[in-house]
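K.L.:
below is the structure, and that's it, no one-letter string:
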Ligand code: SF4
């Protein structure tokens with residue numbers, strides 16, 4: 001097949017429009033049925049007849065994609081979800097004795113691929129109308145590749161898989177009861193006590209699953225996975241909802257699972273964490289929500305650098321037009337106007353047993369300030385005080401400013417994206433809507449969006465308001481690593497062009513490093529007290545924060561991206577001795 005056609009009939013309900021599109025197709029006009037309206041009203045496209053003229057996707061860009069496949073892609077599909085639906089062309093392969101990462105944008109088939117490896121999804125080898133392929137067919141399909149050996153071992157029962165799905169927030173919908181009951185049910189290794197200790201779950205073991213936070217659910221799901229007797233552990237996004245300290249702890253924990261008899265596969269969008277966890281990496285590329293394929297396996301440093309470059313030399317594939325670059329210093333060193341827009345002095349706030357204090361600090365015009373700190377330490381509370389949503393008990397907030405606030409948890413409704421972002425489409429189409437790629441789902445209801453789509457709408461909604469200060473609470477959640485870097489650029493350009501300021505709370509250290517001019521650091525004890533220091537210059541703020549975590553960062557010589565030093569390595573010791581936790 002040289003091209004594939006993707007039709008989203010959910011977004012193509014207008015019967016008149018379907019008839020119009022069918023009439024436009026030049027192949028149909030010759031009497032053939034390239035575009036067809038089926039008896040159930042669905043529009044289908046015959047990929048063998050389609051010439052790729054590009055007329056129908058122009059008529060319904062929100063619902064139809066025609067993609068010319070690259071010549072290099074000679075494989076047969078491993079799975080297709082249905083007629084004119086997403087196609088997956090290959091699979092990553094786990095390596096025993098190693099942690100293998102999978103890196104790629106959202107909608108490229110990462111979760112599909114690992115569900116197939118975990119035997120949660122039976123692949124159909126591209127023929128969605130017949131029954132699922134059995135192991136014999138898969139083994140012969142993959143003959144001569146590493147996947148052949150993998151499926152042979154699965155067939156012989158020599159590989160047992162434990163799998164943590166991506167959406168831990170769905171767990172309370174299907175599993176009821178206390179955390180300890182859930183973990184007891186899956187404890188095949190009889191290690192509940194040990195794992196609960198390592199993942200700091202003891203305090204919530206007797207809590208109801210419906211009542212624990214996202215970060216707690218994530219750690220419970222990881223515990224439930226590793227308690228199973230398996231030799232291949234698969235984790236789909238194991239660090240979402242976790243703060244940086246927890247991300248580092250989980251990374252160490254996942255690395256500690258490895259021995260020569262088992263393997264770990266992990267999908268992760270936080271590039272610093274992926275770099276830290278994985279030994280090897282597969283890149284996944286293709287066309288979002290249309291097709292995906294998998295690169296050969298690479299050592300993790302090289303793999304991430306290739307990913308940032310957008311070009312896989314060995315496979316002669318360019319999957320992005322531009323390179324993603326990091327500057328050693330903040331990407332744009334701006335001339336600060338030094339005009340203060342707000343400041344705070346001896347602010348205190350009590351919420352139940354939790355106490356928050358902020359000595360003093362100032363935010364200037366045209367500044368992006370990153371906020372770092374653990375979960376439960378008052379970041380969101382402080383942001384809400386600045387936004388005027390919460391009132392402080394003591395102290396002063398100097399100036400009354402207008403604030404636009406994107407909360408951490410996003411509300412859904414039946415409103416259409418295009419209605420919610422009316423001002424954005426009018427005022428910031430090029431600046432915000434286009435780079436955040438919102439147009440493809442602009443006619444959807446908020447309730448129909450994926451986490452990543454909803455996040456981008458919430459960010460655009462925050463930016464479309466007129467304000468002096470934009471407060472974005474965890475804007476990188478649900479976004480893939482590429483979207484996070486695009487978002488950094490959008491916010492930077494926006495702040496600069498409008499001469500406003502932004503505060504960004506986030507747990508992705510690379511994102512914060514990439515976007516921030518200055519840093520505010522939160523310290524304290526989760527759920528008990530939090531104290532705010534800063535804003536600091538980047539180097540001072542990062543040094544303070546990393547010292548607290550006891551990790552050091554260096555720059556990759558090829559791309560300048562920050563990397564975590566191996567604990568007790570020569571560089572780690574040298575940087576700690578000289579007090580330079582941030583960049584050698
Ligand atoms: Fe017809 Fe294909 Fe052209 Fe669409 S892209 S109008 S299906 S030939």
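P.N.:
Thanks, I have the structure now. No experiment lies behind these values; they were computed from the predicted model shown. Numbers count the residues shown, from 1 in each chain.
K.L.:
run a quick neighbour tally on residue 305.
P.N.:
15 (other Cβ atoms under 10 Å). The C-beta positions use only the backbone N, C-alpha and C, and glycine is treated the same way.
K.L.:
using the three-state scheme, assign it.
P.N.:
Three states are possible here, and by DSSP: H, G, I helix; E, B strand; the rest coil the one that applies to residue 305 is helix.
K.L.:
OK, contacts around it?
P.N.:
With contacts taken as Cβ atoms under 8 Å, 6 or more residues apart in numbering, residue 305 has the following neighbours: 556, 558-559, 561.
K.L.:
what does the pLDDT read for it?
P.N.:
As predicted, residue 305 sits at a pLDDT of 96.
K.L.:
A ChimeraX selection for the contacts of residue 305, restricted to the buried ones, would help me check which they are.
P.N.:
Selecting in ChimeraX just the buried members of those, where the criterion is 16 or more other Cβ atoms under 10 Å, is done with this command:
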select :559,561
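K.L.:
would TSV of the contacts of residue 305 with secondary structure, distance to residue 293 and pLDDT be doable?
P.N.:
Formatted as TSV, the entries for those read as follows, by DSSP: H, G, I helix; E, B strand; the rest coil; distance: Cβ to Cβ, whole Å; pLDDT from 0 to 100:
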residue	secondary structure	distance to residue 293	pLDDT
556	coil	26	93
558	coil	25	91
559	coil	24	90
561	coil	25	91
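K.L.:
and the residue of the stretch 301-450 of the chain that's closest to the ligand?
P.N.:
Closest approach between the stretch 301-450 of the chain and the ligand, counting by Cβ to the nearest ligand atom: residue 440, at 17.3 Å.
K.L.:
which residues touch the nearest residue to that residue once chain neighbours are set aside?
P.N.:
The shortest distance from residue 440 to any non-neighbouring residue, by Cβ to Cβ, 6 or more residues apart in numbering, is to residue 62 (5.7 Å). Residues touching residue 62, when contacts are defined by Cβ under 8 Å, 6+ apart, comprise 8, 11, 439-443.
K.L.:
go on, residue 356?
P.N.:
Contacts of residue 356 were listed using Cβ under 8 Å, 6+ apart, and they are 347-350, 378, 381-382, 529-532.
K.L.:
so how do I select the buried members of those residues in ChimeraX?
P.N.:
Buried subset of the contacts of residue 356, written as a ChimeraX selection, criterion 16+ other Cβ under 10 Å:
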select :347,349,378,381,382,529,530,531,532
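K.L.:
which of the contacts of residue 356 fall within strands?
P.N.:
347-350, 529-532 (DSSP state E).
K.L.:
any chance of these in CSV, plus distance to residue 268 and pLDDT?
P.N.:
Output for the ones in strands among the contacts of residue 356, formatted as CSV (distance: Cβ to Cβ, whole Å; pLDDT from 0 to 100):
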residue, distance to residue 268, pLDDT
347, 36, 95
348, 38, 96
349, 35, 95
350, 37, 94
529, 31, 93
530, 28, 94
531, 31, 94
532, 29, 94
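K.L.:
mind putting those residues into a markdown table with distance to residue 435?
P.N.:
What follows is those, written out as a markdown table (distance: Cβ to Cβ, whole Å):
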| residue | distance to residue 435 |
| --- | --- |
| 347 | 35 |
| 348 | 40 |
| 349 | 36 |
| 350 | 41 |
| 529 | 39 |
| 530 | 34 |
| 531 | 36 |
| 532 | 32 |
